[in-house]
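> prediction below, plus the sequence it came from.
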Amino acid sequence: MQLIVKPTAAEASQAAFELIREAKENGATVFGLATGSTPEPLYQLFIDSDLDFTDSYSVNLDEYVGLGKDDPQSYQYYMQHKLFDHKPFKESFVPNGLNDEASEIEHYESILEAHPVDVQILGIGENGHIAFNEPGTPFNSRTHKVQLTESTINANKRFFEKEEDVPRYAYSMGLSSIMSAKQIVLLAFGEKKAQAIHDLFKAHPSADIPSTILQSHADVTVIVDEAAASLV
């Protein structure tokens, strides 16, 4: 894994943008996308750039179970307003939070099989989760339904009017699904992510820290600001 440390989140996002641009110029056509506050500056750089994704596909990591695409808290809604409305792709895929478990898992696995990811953008949780793969998730997991931990629910409740409105389950690409990407770019900003970045590089690979699976991937670039790199 390569570590790139920049003074600020803005500069780290710019470095990630340059990697995505380079990958696209070298023929990448399928981009794995993440949600949350971390990738927002990167998506704004996409929007402000001359990059054309109308010949490309996007595949999102996850979606809350029980939320439809028109729900303002759904990840489909997030992606539409933060990126797709301004920088459309040829086709974009996000798990369907209203579909039943067996059907959606089969459906999303077929999408991933038909559209192997060239570049996967990742964030990382304070407990080392990537996508919604919480501690204890098997390294060989594919797309699955996840019961969210209390720490993840607490981290997400700021986006909802009431804590009881926060979904307790999500559909998520599994760790094996993520590892199938040819190239991975992971972003992390702020002191709260410092321990997770330390563990990503220093901890022994274990399902207790899901991110440590990335240590065995052939092409991972971790881009952080100085605060997130403070323990490495």
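Cool, the structure landed.

> make it CA atoms for all contacts and neighbour counts henceforth
OK.

> any idea which residue is closest to the centre of the chain?
For the chain, A34 is the residue whose C-alpha lies nearest the centre (C-alpha atoms, centre = their mean; 3.1 Å).

> what's the distance between that residue and F139?
According to C-alpha to C-alpha, to the nearest Å, A34 and F139 sit 19 Å apart.

> equivalent analysis for A207, please.
6 Å.

> need the residues touching each of those two.
Overlap of the contact sets of A207 and F139 (by C-alpha atoms under 8 Å, 6 or more residues apart in numbering) consists of I213.

> can you tell me what sits against the helix or strand bottoming out on mean pLDDT in the chain?
When each helix and strand of the chain is scored by mean pLDDT, DSSP states H and E, helix 150-156 comes last, with a mean of 79. Identification of contacts with helix 150-156 by C-alpha under 8 Å, 6+ apart yields 125, 163, 166-168.

> mind checking which of those residues are buried?
Buried members of these, counted by 16 or more other C-alpha atoms under 10 Å: 125, 166-168.

> turn those into CSV, including distance to L3, secondary structure and pLDDT.
CSV is the format used below for those (distance: C-alpha to C-alpha, whole Å; DSSP: H, G, I helix; E, B strand; the rest coil; pLDDT from 0 to 100):
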residue, distance to L3, secondary structure, pLDDT
G125, 17, coil, 92
V166, 33, coil, 84
P167, 33, coil, 90
R168, 33, coil, 91
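
> in JSON lines, list the residues you listed along with distance to Q195.
Output for the buried ones among the contacts of helix 150-156, formatted as JSON lines (distance: C-alpha to C-alpha, whole Å):
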{"residue": "G125", "distance to Q195": "10"}
{"residue": "V166", "distance to Q195": "25"}
{"residue": "P167", "distance to Q195": "26"}
{"residue": "R168", "distance to Q195": "25"}
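
> residue ranges of the helices in this protein, please?
If DSSP state H is used as the criterion, the helices of the chain fall at 9-25, 40-48, 75-79, 101-114, 150-156, 175-179, 194-202.
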